[in-house]
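> based on what follows, work out the 3D shape:
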Amino acid sequence: MNFKKGDKVIVISGKDKGKEGTITKVLRDKNKVTIEGVNIAKKHVKGNGQTAGSIVEVERPIHASNVMIKDPKTGKRSRIGHIIEDGKKSRVSKVSGTKLD
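The predicted model follows:
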């Protein structure tokens, strides 16, 4: 998976298509990412002796194939490529060629 925490991404399919946000968590084993403000679900939380029960809105993970990186120069969605410079591998945007790291 080419995504990292803090990347700005655009959702390309699903109920939140077109929304933009920042990745808050990457689940590499499940190939999913959690994006700030995207794929919001309501969760019923049971109360205990001190607090009352409530309904909380939480961000659920979305599959990595449903998001694309937002190009820092143009603002459009882009694929991620890799280049090797001085023996170090770095990520690069396919649209404008700018480095993402």
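> now do the contacts for M1.
V26, R28, N31, A64 (C-beta atoms under 8 Å, 6 or more residues apart in numbering). For the C-beta atoms, the positions are set from N, CA and C on the backbone; glycine is no exception.
> what about the residues you listed, which are in helices?
Among the contacts of M1, no member is found in helices (DSSP state H).
> and which of those residues is nearest V9?
A64 (9.4 Å; C-beta to C-beta).
> pLDDT weak spots in this structure?
Within the chain, not a single segment meets pLDDT under 70.
> follow-up on the earlier one: closest to I80 among the contacts of M1?
A64 (11.0 Å).
> surely that closest one and F3 touch.
Yes: in this structure A64 lies within contact range of F3 using C-beta atoms under 8 Å: 6.2 Å.
> mutual contacts of the two, please.
V33.
> check contacts around the spatially most central residue of the chain.
Taking C-alpha atoms, centre = their mean, the centroid of the chain lies closest to I23, which sits 3.6 Å from it. Residues in contact with I23 (C-beta under 8 Å, 6+ apart) are F3, K4, K5, G6, D7, V9, V33, T34, I35, E36.
> R79 and I55, how far apart?
38 Å (C-beta to C-beta, to the nearest Å).
> please, a PyMOL command that selects the buried ones among the contacts of I23?
Command for PyMOL, covering only those of those found buried under the criterion 16 or more other C-beta atoms under 10 Å:
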select buried, resi 3+7+9+33+34+35
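> and the contacts of I23, which two are the farthest apart?
Farthest pair in the contacts of I23, by C-beta to C-beta: K4 and E36, 14.3 Å.
> and S96, how close does it get to S78?
In terms of C-beta to C-beta, S96 sits 7 Å off from S78.
> which of these two has more neighbours?
Neighbours per residue, other C-beta atoms under 10 Å: of S96 and S78, the larger number sits with S78, 22 against 13.
> what segments of this structure are helices?
Taking DSSP H as the criterion, the chain carries no helices.
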